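Participant: Return a 3D structure for these sequence lines:
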Amino acid sequence: MADRLKNKVAIVTGGVSGIGKAIAKDFLSEGAKVVITGRREELGNSVAKELGTSDDVIYLKQDVSQEDEWNSVVDATISKFGKFDILVNNAGVGASGKLLTQTSLAEWQNVMDINLTGNFLGIRAALNKMTAGSIVNVSSVLGMMAGMPGVSPYATSKGGTRMLTKAAAIEAIAMNKTIRVNSVHPGFVETALLPPDMKLAMEQQHESIPSFGQGEDVAKAVTYLASDEAKYTTGSELVLDGGAVAGRR
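Facilitator: Now for the predicted structure:
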């Protein structure tokens, strides 16, 4: 399938690696113009060149926790492509493995600043600048269930993203804007955020459905939510976890 996102312009935060890169690649294959953002400038420029030409995809340096950088990214996107229709709030940091009693305030705040406040700033910018379109927030199954010790700040930030998504969806309707806001909740996806010891333990399980998803699995779901095929879907959460939340493990 192609052209599901033709004539649409997307901003994908954290688009220089992992799930974000997979989303950007799938968007481009469906006809979108894409802006990928991230803090690693050299990597970002390299990935943008890998994904396509500057007519279709560009990289912009961004720390999503900084309000002024959101303003710069949105303005630069509109300057380059004339508009933007899709926002994917994907940038995030993972769990430290520390218990709450071992977690400093600075460590807690860093996770909240990037994983939750960054999403708020992006949603606010999109609701102010867009009249129609789609916002997709990348949450986690750990935003629905705190499934293990050592993930409390991460799980809290992802649970906050889940509820922020629903609140924003309702407010978009109240603003009389046709902006849909949804979240995706991946399980364990093979990215740099997955701790090696957890990966090893899960690889030793023998089950019919793979323990780990791939970035492309998440990307296809995000493309659906970003496209007009999902025109009746807002305030929803799409779980992509191989059955973990359903109790398979």
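Participant: mind listing the strands in the chain by residue range?
Facilitator: 9-13, 33-38, 57-61, 86-89, 132-138, 178-186, 237-240 (DSSP state E).
Participant: could I get the ones you listed as TSV with distance to Trp108, mean pLDDT and mean neighbour count?
Facilitator: Backbone N, C-alpha and C define where each C-beta goes, glycine included. Below are these laid out as TSV (distance: least, Cβ to Cβ, whole Å; pLDDT from 0 to 100; neighbours: other Cβ atoms under 10 Å):
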stretch	distance to Trp108	mean pLDDT	mean neighbour count
strand 9-13	21	98	28
strand 33-38	23	98	26
strand 57-61	25	98	21
strand 86-89	20	98	29
strand 132-138	20	98	24
strand 178-186	22	97	24
strand 237-240	24	96	18
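Participant: just so I know, which of the ones you listed lies nearest Ala167?
Facilitator: strand 178-186 (8.7 Å; Cβ to Cβ).
Participant: tell me, how many neighbours does the residue nearest to Lys98 when sequence neighbours are not counted end up with?
Facilitator: Nearest non-adjacent residue to Lys98, counting by Cβ to Cβ, 6 or more residues apart in numbering: Gly150, 6.0 Å away. Gly150 has 17 neighbours, counted by other Cβ atoms under 10 Å.
Participant: ok, back up a step: so can I have JSON lines of the strands of the chain showing distance to Lys166?
Facilitator: Output for the strands of the chain, formatted as JSON lines (distance: least, Cβ to Cβ, whole Å):
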{"stretch": "strand 9-13", "distance to Lys166": "20"}
{"stretch": "strand 33-38", "distance to Lys166": "25"}
{"stretch": "strand 57-61", "distance to Lys166": "29"}
{"stretch": "strand 86-89", "distance to Lys166": "14"}
{"stretch": "strand 132-138", "distance to Lys166": "10"}
{"stretch": "strand 178-186", "distance to Lys166": "8"}
{"stretch": "strand 237-240", "distance to Lys166": "8"}
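Participant: Leaving out sequence neighbours, find the closest residue to Asn110.
Facilitator: Using Cβ to Cβ, 6+ apart, the nearest residue to Asn110 is Val93, at 6.9 Å.
Participant: so what's the one you found up against?
Facilitator: By Cβ atoms under 8 Å, 6 or more residues apart in numbering, the contact set of Val93 is 110-111, 114-115, 154, 193.
Participant: Flag the helix or strand of this structure with the lowest per-element mean pLDDT.
Facilitator: Ranked by mean pLDDT, DSSP states H and E, the weakest helix or strand in the chain is helix 196-203, scoring a mean of 50.
Participant: Distance check, Asn45 against Leu225.
Facilitator: Counting by Cβ to Cβ, to the nearest Å, the gap from Asn45 to Leu225 is 28 Å.
Participant: and what of Asp68?
Facilitator: According to Cβ to Cβ, Asp68 stands 28 Å off from Leu225.
Participant: if you count what's nearby, which of those two comes out ahead?
Facilitator: More crowded of Asp68 and Leu225, by other Cβ under 10 Å: Leu225, with 23 against 9.
Participant: phi, psi of the spatially most central residue of the chain?
Facilitator: Closest residue to the average C-alpha location of the chain: Asn90 at 2.2 Å, with Cα atoms, centre = their mean. Asn90 adopts backbone torsions of phi -110, psi -20, taken as degrees, to the nearest 10.
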